[in-house]
Each structure stands twice: as structure tokens, then as C-alpha cells.
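1. Sequence and predicted model, in that order:
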Amino acid sequence: MAEAGKIDPMHQFAIEPLFGTEHWAIGGYNIAFTNSALWMVITAVALWAFMLLGMKRELVPGRWQAAAETMTGFIDNLLLANVGPEGKRYVPYVFSLFMFILFANLLGLLPLGLIGSHAFTFTSHFTATGVLAILSFSIVLIVGFARHGLHFFSLFVPHGTPVWLLWLIPFIELVSFLVRPFSLGLRLFVAMMAGHILLEVLSSFVINSGNAGAGWGLMIGVPSFILMIGISALELLVAVIQAYVFALLTSLYINDAVNLH
Amino acid sequence: MPQIAQLAEVWSSQIFWMLVTFGFVFFVVGRGMVPKIQSTVEARDSKIAGDLEAAKAAFARGDEIEADYRARENESRAAAQALVAEAKAKAAKDAEKKIAAADAKIADKIAAAEAEIRAASASAMAEIEAVAAEAAQDMVVKISGVQPTAAAAKKAVKAALAHG
């Protein structure tokens, strides 16, 4: 990879089958266990372990317990603020969503290249984020129609709509409603991918300029490396913010479904 | 861009494993563990609220007891002061009475003593008269040889004593 000009910043997103490529299939669809699937499993297990360590259920919490309780309390407050008392029913789903995305984003940033391995960020694939987005959107639809029936369509006519705009507003509202799953899934995938590409491009600057000579290395490589350190910190922030945005928007959409406008 | 280039071959695997892992997270972590953690937090919150309530109640009761104690203390202090004043007054009266009684006794004794002294001095005077009269009789006999009567001697002695 260190050959000049041969570093492909997109290579990190390539999915490589680990096993089960030929035989694993359901209804003719291949379900090979890939590096992406491996990191999904790692994320799920890490989250499970995090919660298990926080489940001592002591009156005076230890560090792990305090951490786990802080996270559940955070999601609890998020739903209480955005949906109200009825939001408590959706805490398990939004908590799973937030923590799964958060752990995936953070684990994907692990500098495993140092020990010759590679972290894979499956949230940089819209095939993965799309599943979560469609799940959230389906929950909104199911809850909305189950609670309000056809009255749910009044969502498309906000309060205070002037009568002479009744032909246009519902159409705009409908489009903005239908765009939700795409914006949910694409936002996360694009944010994660952009940050990882940026880091990869900067690291290729460091490597290529270093290979070109000490002068180039000092002139281009060192500033790029310093920039990478800053971008890495920024990426940690983005990892948290994107998980939060996903959870926040889901809770806002659930609020629409539960309380209409 | 592998996300699109590989789409045809990997989408089914991606969706399948995503559903499996997120399903595990939702059912085991979200449905299984989160409610337990929430109930732990709620139990702690309610225990803290209960403890605070109990502490407040105990505090109020403490205030009440203190006020009660203060009131009783004031009451008993007033009672004690009244008792002391009464005892003082009684003691003063008793002392006065005793002093008066003692005064009376002393006055009696003084009067008796004075009477005795007067009687004693009167009898001594009488004796002195008798002795002086006898002596005067003897002196008259020796000097003149005339035996004067006792009455005359007595009269003379009395007159002499009266003139000093």
C-alpha cells in the first residue's frame, strides 16, 4: 500500500467475505459472513458486555454501573423531552439504536492498523444504516396508524395552514415525510465515510511525501500528520454526534406518530 | 466506491447480519437489560426521596421536641423561682418571729436580773444599817457610858446615811 500514488482511500470500505461465501444462503440470497458482519457482531458483543458490567444493580453504583445508568438516563430524558411520558415505551428501541451506532462508530475508529489489523466501520455502508433507518421509519408508520388510524394523515396538514395553501402544504409535508428514512440513513453513512476518507487521504500524504524525501516529508508530511491528529479528535466527536442525531431524529419522528403535531 | 460497486453481491448479507446483530441488541440489551437498569435507578431515586422525607420529618419532630423542651424548661424555671421567693419570704418571717421571741426573753431576763440586783442591794443596805446601828450603840456606850436605845441608834444611823 505504501507505493507512491497507489493508496486507495476507498479500499477501507471494501467488504471481504470471511467464510460461508458459497453455501450460506437463505432463499437463494447469499448471507456470507464478511468483515462487515464480523464488526457488527463485535459491536453487539461489546455493547452487551458494557451493559453486563453495568448490571450489578447496587444501591451505590460503581463506575461501570454509573456509566450504563448514565446512558439509559440520557435516552430516558431524550424521549421524555421529545415525546413526553408516553415516550418511555420506546426507550429500549432508541437506546439500542443509539448505543449500537455509537459503539459501531467508535469501534470503527480504533487504530488497529498499528497491530496489523483493520477496523471496519459498517455504519459507513448505506446497506447497514438503511436497515436502521427503515426500521425507525416502519415503527413511526406502525405506531402512527395503530394509534390514530387514518387520522394520522392529518400530520400532513400542520396547524395554522391557510386555507388557500391547502393544495400545496400537504404535498410538501408528504415529500418531507417520505424523505425521512433516506435522510436518516444517508446522513450517518455519508458522515462516517467522509471522515474516514479524509483520514486516509491525509495519511497517504504523510506516507507519499515521506517516501519522496526528507524535505517533502517535513514540508507536507508533518503538517498533514498534525492535521490528522486534529481530525481524529473531530471524528470521535462526529461518531458521538451522528449516533445522537440518529436517536434524536428517531425520537422526534416517534413524537409525530404518538402526538401528531 | 465499494458501497455501490459491491452492492449486488453483498446487500443480502449486509441486511441479514444487520438484522441479526441489531435484533440481538434490541431483544437482549434493549428489552432485557435496559428495564432492569432503569428499575435500579428508579429504586435508588425513590429510596433517596424516601430517606429525604424521613430526614425532614425527623428534623421537624426534633424542632417540635426542642420547642416543647424549651417551654417546659421555662415553666419549671418560673416555678422554681416562685418557690425560692416563697421560701425566702417564709424564712425572713420566721427569722423575724424568732428574733422577736428572743428579744422578749432577753428583756424578761434583764428585768429579772435588775429586780434581783435591786433586792440584793436593798437587803445589803438594811444589813449595813443594822451593823452601823450596833456599832454606833457600842461607840456611844464606850464614849459616854450611856446605853442608848436601839431605836435611837437606828434613827441616827439612818439620818447619817441619808446625808451621806
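-> Good, I have the coordinates.

2. and the longest helix anywhere in chain B, what other elements does it pack with?
-> Secondary structure of chain B per DSSP state H: the longest helix is helix B:34-144. If you count contacts as 3 or more C-beta pairs under 8 Å, 6 or more residues apart in numbering or on different chains; DSSP states H and E, helix B:34-144 packs onto helix A:63-82, helix A:91-108, helix B:150-163. The C-beta positions use only the backbone N, C-alpha and C, and glycine is treated the same way.

3. hey, which of these is tucked in deepest?
-> helix A:91-108 (a mean of 24; mean count of other C-beta atoms under 10 Å in any protein chain shown).

4. tell me which residues in the helix or strand following that helix are buried?
-> Next along the chain after helix A:91-108, taking DSSP states H and E as the criterion, comes helix A:126-148. Neighbour counts over helix A:126-148 (16 or more other C-beta atoms under 10 Å in any protein chain shown) mark A:126-133, A:135-137, A:139-140, A:143-144, A:148 as buried.

5. Show me the shaky parts of chain B.
-> Where chain B drops to pLDDT under 70, the residues are B:164.

6. could you measure the residue sitting nearest the centre point of it against A:Pro170, distance?
-> Closest residue to the average C-alpha location of chain B: B:Ala80 at 6.6 Å, with C-alpha atoms, centre = their mean. Relative to A:Pro170, B:Ala80 is positioned 90 Å away (criterion: C-beta to C-beta, to the nearest Å).

7. again, but for A:Phe225
-> Per C-beta to C-beta, A:Phe225 is found 54 Å from A:Pro170.

8. Also A:Ala49?
-> Per C-beta to C-beta, A:Ala49 is found 48 Å from A:Pro170.

9. Between those two, point out the one with more neighbours.
-> Shown here are A:Ala49 and A:Pro170; by other C-beta atoms under 10 Å in any protein chain shown, A:Pro170 has more neighbours (17 against 11).

10. any idea of the pLDDT on the more buried one?
-> Listed pLDDT for A:Pro170 reads 88.

11. what does the one 10 residues further on give?
-> pLDDT, the model's per-residue confidence, is 91 for A:Arg180.

12. Could you check how far it is from chain B?
-> Plainly put, A:Arg180 is 19 Å away from chain B if you go by C-beta to the nearest C-beta, to the nearest Å.

13. what's the answer for A:Ser36, then?
-> Distance from A:Ser36 to chain B, by C-beta to the nearest C-beta: 6 Å.

14. Tell me how many other residues surround that residue.
-> A:Ser36 is flanked by 28 other residues according to other C-beta under 10 Å.

15. That one contacts B:Val10, doesn't it?
-> Yes. With contact defined as C-beta atoms under 8 Å, A:Ser36 reaches B:Val10; the gap is 7.4 Å.

16. and for these two, which residues touch both?
-> Taking C-beta atoms under 8 Å, 6 or more residues apart in numbering or on different chains as the contact rule, A:Ser36 and B:Val10 both touch A:Ile15.

17. any idea which helix is longest in chain A?
-> Looking across chain A with DSSP H, the single longest helix is helix A:169-212.

18. Could you find the closest non-adjacent residue to residue 161?
-> Using chain A. Computed as C-beta to C-beta, 6 or more residues apart in numbering or on different chains, the closest residue to A:Thr161 that is not its neighbour in sequence is A:Ile169, at 4.9 Å.

19. switch to chain B, that's the one I care about
-> Counting by C-beta to C-beta, 6+ apart, the residue nearest B:Leu161 is B:Glu129, at 6.8 Å.

20. contacting residues around the one you found?
-> B:154, B:157-158, B:161.

21. Go ahead and confirm the residue nearest to A:Thr161 touches A:Val157.
-> Yes. Look at A:Ile169 against A:Val157 with C-beta under 8 Å: they come within range, at 6.6 Å.

22. What are the buried residues along stretch B:25-39?
-> Using 16+ other C-beta under 10 Å as the test for burial, stretch B:25-39 gives B:25-26, B:28-30, B:33-34, B:37-38.

23. burial of the closest residue to B:Lys154 other than its chain neighbours, as a residue count?
-> Closest residue to B:Lys154 apart from its sequence neighbours, by C-beta to C-beta, 6+ apart: B:Ala133 at 4.6 Å. By the criterion of other C-beta under 10 Å, B:Ala133 has 20 neighbours.
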